[in-house]
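Undergrad: Provided below for reference: sequence and predicted model.
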There are 4 protein chains.
Amino acid sequence: MVRSSNERSRRRRDAQRDLILRAAARLFRDRGVADTGMREIAAAADLSPANLYYYFKGKDEILFYCQDRALDSMLAAVAGAKRGRGSVAARLDGVLRTHVSTLLGEVDGASAHLLVDALPPPLRVRIVAKRDRYERAVRGLVAAGVRSGEFATASPALVTRAMLGALNMTVLWFRPDGAASATDVGRELAQYLVRGLHIHSAA
Amino acid sequence: MVRSSNERSRRRRDAQRDLILRAAARLFRDRGVADTGMREIAAAADLSPANLYYYFKGKDEILFYCQDRALDSMLAAVAGAKRGRGSVAARLDGVLRTHVSTLLGEVDGASAHLLVDALPPPLRVRIVAKRDRYERAVRGLVAAGVRSGEFATASPALVTRAMLGALNMTVLWFRPDGAASATDVGRELAQYLVRGLHIHSAA
Amino acid sequence: MVRSSNERSRRRRDAQRDLILRAAARLFRDRGVADTGMREIAAAADLSPANLYYYFKGKDEILFYCQDRALDSMLAAVAGAKRGRGSVAARLDGVLRTHVSTLLGEVDGASAHLLVDALPPPLRVRIVAKRDRYERAVRGLVAAGVRSGEFATASPALVTRAMLGALNMTVLWFRPDGAASATDVGRELAQYLVRGLHIHSAA
Amino acid sequence: MVRSSNERSRRRRDAQRDLILRAAARLFRDRGVADTGMREIAAAADLSPANLYYYFKGKDEILFYCQDRALDSMLAAVAGAKRGRGSVAARLDGVLRTHVSTLLGEVDGASAHLLVDALPPPLRVRIVAKRDRYERAVRGLVAAGVRSGEFATASPALVTRAMLGALNMTVLWFRPDGAASATDVGRELAQYLVRGLHIHSAA
DNA sequence: TATGAATGAGATTTCATTCAT
DNA sequence: TATGAATGAAATCTCATTCAT
């Protein structure tokens, strides 16, 4: 009985945390970290500002988990791609599309690369480490394509950053009510960015 | 005599303004707008905080001119490319390289796309207008390549944003003391981003 | 329970707002608006400066409510006088005495006419409108006396302003610990100012 | 030669001081002391802000002389009235009219009673002393009328303050381009305020 | 769990005044 | 005499965070 009561309350707590993180991620993405106050997060999550501190240590921790969850989703995609079959191009294409839908979607919605600098050092190093892990995985996919003869690039590291940069910047202009859906945007961008890696005749 | 005194003092004033803008642009780029206080700008420019207000109306105006100057430099490059001869690819390549060197260089050093949201509406509309003018010009170059048969893309608008996004994100990771110089970065990125526009066999 | 908690907290909040307004009105009256800082208001209300902003949007709003409440009190008096019986002179006398006790009293204590210019335009128009409504009502009383044959004046508007001006200036010299009480002052001034309206033999 | 050069320069200096005082008085009256900056005074006097300090020690001294000169003008009028012949009523009427034209006129234009509190103590006591001298003189005129049987009032001090208060408040609403000229306003107000002192039948 | 109230630290900005020329 | 440039002090206000309940 006590056990189940604890579990029920833990579940409720987790649900609240989730709710807060979604609300915060959306605000961070739409208005920027600096322009999003705890009061606004609280209002969006239908809580009092003070009550946020029962669920999170502070604004930094909220920001941290926003990015952490987004990176987890991206890491899962790239891990799947690594194990997957099919051409490297097709697998990379999938990773990039997931990246965009993670950024622009309603579920996670925190741009992992843009907000890192807003974190205080102790938390930042953890996000940077995870972000680097993700970046390395993507770069590994690019390099695999080069090894397999599908791709040609002199600088996989730079090109990887370019790809991710192009994707991350979408949060600054994407509007859910626009002509192109998040899926559309992901498809088009992935196509363009992967195409630039292919070997082709024209220099 | 009076004339020369006026001119000399105007020149000094302009020089100070320039100095302040350089210092501010560097700080905005390196630490973010929100985390850069007037105190820090003043310290970087070797002035008292109050003295900044002799040269600029406030922080917003400083930020405005940072972006305005960067955009002027980029607009000049794209205007030159429009009139230029040679393949569209080569001209676009030049525009993108100038974009990177403007962003990362010591001279202008303000990331034109990232900071727009930090401006108050009256100034923001002016920067957004100029930024859009630049974006349209780049998009026009892409479209020209499509018309001439050099390029193939289904969505010039999206691709243009991807290109510029990839370039703008460099300010988040570029370090002047790193292995690759700003010129190197510009060259490699431009090559990759233009390559993705070319017609080629593989899908 | 929730209901009563809400009510109790609303009551506490209103009480604090009232306390702050009293403290501020007294300072504004005694030292002038410009020379009264938020720190001083906070100290007088036994709060931290930052805490004032929990109750009011800013200094302007505090000033606004000071004047607004004083005008409400004056308007109530003049409305009562309009409906009242007895000679116009007696009723006008009552209005003027209330005016003085409102200005000099501990309850409201904001000089309604002197401080208007310190308000920013959006708030100023609202106070000016209310002040004008009050002034028109007093002038109406004067005009009624003229119509009834009690008073004689060539310019009710000017005379009304003179009366109110004479009353408002009391805040500049009245001291609560002086020989004359606020009531005394009101009585004497009202008598003098009404007397000037009466028809009499000497020119 | 040296002598005449000194005199010429002293004359120019005095002329500049006069110009500055006029400009300042007008601004103080129209916008309030707190809202009038040295930069504005300088602009109105066609000088650089720094140059004001050649002619005056600072803002306080400018304010001091504004009030000092206005009081001198008023004192002259009341001194003349004291020595004058005719009814006390007529002489008091003249004093009040001069008071108004001093306040509202282009020549002096500083309201002596409203601005006293903006002065620092050392200067304030001097103005207060002079202002009190003026007030006493006016009160003396009132008392003389009582003694001569022209006037009836129980409290000459209070009534004098009421009269001066009514006059001083004109600066808050008088507009030179309005229907009534400064002379009109002075005439009407003096008439009303003196009338209240007269003995008459109605109570 | 939840919240109304409170606060310290720090932000931008203003302004009378001064200084070097 | 005159001024462009500089500054210290103080103002209002914001905000993440905490405390008492």
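TA: Yep, it's here.
Undergrad: tell me the pLDDT at the closest residue to DNA strand E within chain A?
TA: Nearest residue of chain A to DNA strand E (C-beta to the nearest atom of the strand) works out as A:A50 at 3.0 Å. To be clear about C-beta, it is placed using only N, CA and C from the backbone, and glycine gets the same treatment. A:A50 carries a pLDDT value of 98.
Undergrad: just the element for it, please.
TA: Assigned by DSSP states H and E, A:A50 falls within helix A:49-55.
Undergrad: wait, does that helix contact DNA strand F?
TA: Yes - judged by C-beta under 7 Å from any atom of the strand, helix A:49-55 comes into contact with DNA strand F through A:P49, A:A50, A:Y53.
Undergrad: show me where chain A has helices.
TA: For chain A, helices defined by DSSP state H occupy the ranges A:2-31, A:38-44, A:49-55, A:59-83, A:88-104, A:121-147, A:156-168, A:170-173, A:182-195.
Undergrad: can you list the low-confidence ranges for chain A?
TA: Within chain A, the stretches falling below the threshold (pLDDT under 70) are A:1-5, A:108-112, A:200-203.
Undergrad: near DNA strand F, which residues of it are found?
TA: Residues of chain A lying near DNA strand F (C-beta under 7 Å from any atom of the strand): A:T36, A:G37, A:M38, A:R39, A:P49, A:A50, A:Y53, A:G58, A:K59, A:D60.
Undergrad: neighbours around A:T160, how many?
TA: Residues lying near A:T160 (other C-beta atoms under 10 Å in any protein chain shown) number 21.
Undergrad: what's the closest non-adjacent residue to it?
TA: A:R139 (4.3 Å; C-beta to C-beta, 6 or more residues apart in numbering or on different chains).
Undergrad: wait, isn't that neighbour in contact with A:T153?
TA: No - in this structure A:R139 lies outside contact range of A:T153 using C-beta atoms under 8 Å: 10.5 Å.
Undergrad: how much space between the residue of chain A closest to DNA strand E and chain D?
TA: 39 Å (C-beta to the nearest C-beta, to the nearest Å).
Undergrad: what sits against that residue?
TA: Going by C-beta atoms under 8 Å, 6 or more residues apart in numbering or on different chains, A:A50 touches no other residue.
Undergrad: can you pull up the most central residue in chain A?
TA: For chain A, the residue sitting closest to the mean C-alpha position, by C-alpha atoms, centre = their mean, is A:A70 at 3.8 Å.
Undergrad: you'd agree it is up against A:L104?
TA: No - taking contacts as C-beta under 8 Å, A:A70 lies outside contact range of A:L104: 11.0 Å.
Undergrad: distance check, A:L92 against A:V194.
TA: Distance, A:L92 to A:V194, by C-beta to C-beta, to the nearest Å: 6 Å.
Undergrad: just the buried ones from the residues of chain A next to DNA strand F?
TA: Neighbour-count burial (16 or more other C-beta atoms under 10 Å in any protein chain shown) applied to the residues of chain A next to DNA strand F gives A:T36, A:M38, A:K59, A:D60.
Undergrad: just to revisit the earlier point, looking at the helices of chain A, which is buried most?
TA: Across those, averaging neighbours per residue (mean count of other C-beta atoms under 10 Å in any protein chain shown) puts helix A:156-168 on top, at a mean of 24.
Undergrad: send me that helix as PDB with only the CA atoms.
TA: Output of helix A:156-168 as PDB, limited to C-alpha atoms (Å, rounded to 0.1, in the frame of the first residue of the first chain):
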ATOM      1  CA  PRO A 156      34.100  15.500 -42.500                       C
ATOM      2  CA  ALA A 157      34.200  17.500 -39.200                       C
ATOM      3  CA  LEU A 158      33.500  20.800 -40.800                       C
ATOM      4  CA  VAL A 159      30.800  19.400 -43.100                       C
ATOM      5  CA  THR A 160      29.100  17.700 -40.100                       C
ATOM      6  CA  ARG A 161      29.000  21.000 -38.300                       C
ATOM      7  CA  ALA A 162      27.600  22.700 -41.400                       C
ATOM      8  CA  MET A 163      24.800  20.100 -41.600                       C
ATOM      9  CA  LEU A 164      23.900  20.300 -38.000                       C
ATOM     10  CA  GLY A 165      24.200  24.100 -38.100                       C
ATOM     11  CA  ALA A 166      21.800  24.300 -41.000                       C
ATOM     12  CA  LEU A 167      19.300  22.100 -39.200                       C
ATOM     13  CA  ASN A 168      19.600  23.900 -35.800                       C
END
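Undergrad: ok, residues contacting that helix?
TA: A:96, A:99-100, A:103, A:111-114, A:135, A:138-139, A:142-143, A:146, A:153, A:189, A:193, A:196-197, B:162-163, B:165-170, B:172-173, B:180, B:185, B:188-189, B:192-193.
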